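K.L.:
this is a predicted model, with the sequence first.
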Amino acid sequence: MTDVVGVGANSVDFVYRLPSFPAPDSSFAKLRISEHLISCGGQVTTALATCAAMGLRTSYIGTIGSDRNGDAMRELSAQFLALAAKQSATVPLMNGHRIVGVSLVLTGDISEGRECLDRAITLYDPVEHPTLAARFAVDMAVSIWCYRSIALWLLGYPDAALADTKRVVQHARGIGQAASLMFALHHSSLTQIQFGHYAAANADADELTVLAEEKDASLWKASGLLWRGCLLTMTGKASDAIPAITAGLAALRSTGSTMWMPLLLTYLARAHSALGQSDEAWRCIGEAMTAVETTKERWCESEVNRVAGEISLRSPDPDRPIRPRPRLRGGEAGGAGKQQRQGTAKKDGADEASFSRSNWGTRKPAAPFSRRT
């Protein structure tokens, strides 16, 4: 059980230390800063830290941004993991690997993120740890398997990714916690759509929508609507997909979330392209590219570029360039994610500066991943 649950916006404190207290109207009125540091802050988190110090069991619900402060928080999560390792405490260590793994996967370091998630799941006790779901909002195994399935799919292990997808839904049902089941159904819908398993994805999206309505969960209601819209795009019902995805994106933004935005915009772009609405399709691609750059959600960057190539082939003005694809800053996202992006660009013939028929020729668009054995 949790004694106190805090809901708030993640923030950071900039702490500046002075050698002494300033004295007005003296030589000590102005002092040089002797030390400065950045730490997690905010009213809610500070209150929870105080409660925890008093022996209460606390939980926190919030989101991490993608700006420099978000990067600082990710660095702090790595520090959390290091401290947990020193203490040899199973739950903090498992949670630390999970946090770092999810952050790495979503920002494009897929291979290293998968390794962290592998380490996290080996520490999960299916008998003892499900009781912690209320403390962490979602069961940790559910979170680990969901993001590991994405990593496996991106790395080219579709069978393993699908196995994690099926496993996580079954596990979430067994726990009996609505938050964990909605989380699992959301990610299962995503993965099943990528595999072309549209009937299974539709069943998951329908169940998610019903449960989200029952619990009045705004984020998951938006998710259910969005996956239904994406399914309409992929099943040739573009005219129905556009209003569904547009409404879903508005609902998602109303929650303050930017998660999945680049990928979702590609489905909206496809729908516009299928109806011959080239300008609207390019607008969506431009928004998706901007979202990748600003949020650093790079796990789906190669898919955004691939869909841009498909749209270019359909465009009535295929040689019209769109805005340059954002270039990666050095060290921003490496490992397998970077290798995958480079490989996709070469495979599909995408130019760094623009997408046009001269870039793409008459090639068949590449599959989202290549099968490995």
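P.N.:
Now that the structure is in, tell me what you want to look at.

K.L.:
which parts of the stretch 251-373 of the chain are helices?
P.N.:
In the stretch 251-373 of the chain, the helices defined using DSSP state H, counting those that start in this stretch lie at 261-274, 278-295, 301-314, 335-348, 357-360.

K.L.:
of all those, which one comes closest to Gln192?
P.N.:
helix 261-274 (14.1 Å; C-beta to C-beta). (Glycine included, C-beta is placed from N, CA and C.)

K.L.:
quick revisit: highest average neighbour count across the helices of the stretch 251-373 of the chain?
P.N.:
Per-stretch averages of neighbours, counted by mean count of other C-beta atoms under 10 Å, single out helix 261-274 among the helices of the stretch 251-373 of the chain, with a mean of 24.

K.L.:
who wins for proximity to Arg148 among the helices of the stretch 251-373 of the chain?
P.N.:
Per C-beta to C-beta, nearest to Arg148 of those: helix 335-348, 13.7 Å.

K.L.:
does Gly6 really touch Ala137, like I thought?
P.N.:
No - using C-beta atoms under 8 Å, Gly6 is not in contact with Ala137, being 11.1 Å away.

K.L.:
ok, Ala23 - contacts?
P.N.:
Going by C-beta atoms under 8 Å, 6 or more residues apart in numbering, Ala23 touches Ala29.

K.L.:
host element of it?
P.N.:
Of the helices and strands defined by DSSP states H and E, none includes Ala23.

K.L.:
quick check: it vs Gln194, distance?
P.N.:
In this view, Ala23 and Gln194 are 64 Å apart by C-beta to C-beta, to the nearest Å.

K.L.:
in stretch 129-143, what counts as buried?
P.N.:
Buried residues in stretch 129-143, counting neighbours by 16 or more other C-beta atoms under 10 Å, are found at 129-130, 132-143.

K.L.:
which one of those residues is nearest Ile121?
P.N.:
Nearest member of the buried residues of stretch 129-143 to Ile121, counting by C-beta to C-beta, is Ala141, at 6.6 Å.

K.L.:
so what's the residue count around Asp25?
P.N.:
Asp25 has 6 neighbours, counted by other C-beta atoms under 10 Å.

K.L.:
quick check: it is in a strand.
P.N.:
No - Asp25: not assigned to a strand; according to DSSP: H, G, I helix; E, B strand; the rest coil it is coil.

K.L.:
quick check, nearest of the buried residues of stretch 129-143 to Val102?
P.N.:
Nearest member of the buried residues of stretch 129-143 to Val102, counting by C-beta to C-beta, is Ser143, at 7.0 Å.

K.L.:
looking at the helices of the stretch 251-373 of the chain, which is closest to Cys230?
P.N.:
Closest among the helices of the stretch 251-373 of the chain, using C-beta to C-beta: helix 261-274, at 4.3 Å.

K.L.:
check what contacts the closest one and list those residues.
P.N.:
By C-beta under 8 Å, 6+ apart, helix 261-274 touches 226, 229-230, 232-234, 236, 238-239, 241-242, 245-246, 248-249, 252, 278, 280-282, 284-285, 287-289, 291-292, 295, 297, 300-301, 303-304, 307-308, 310-311, 314-315.
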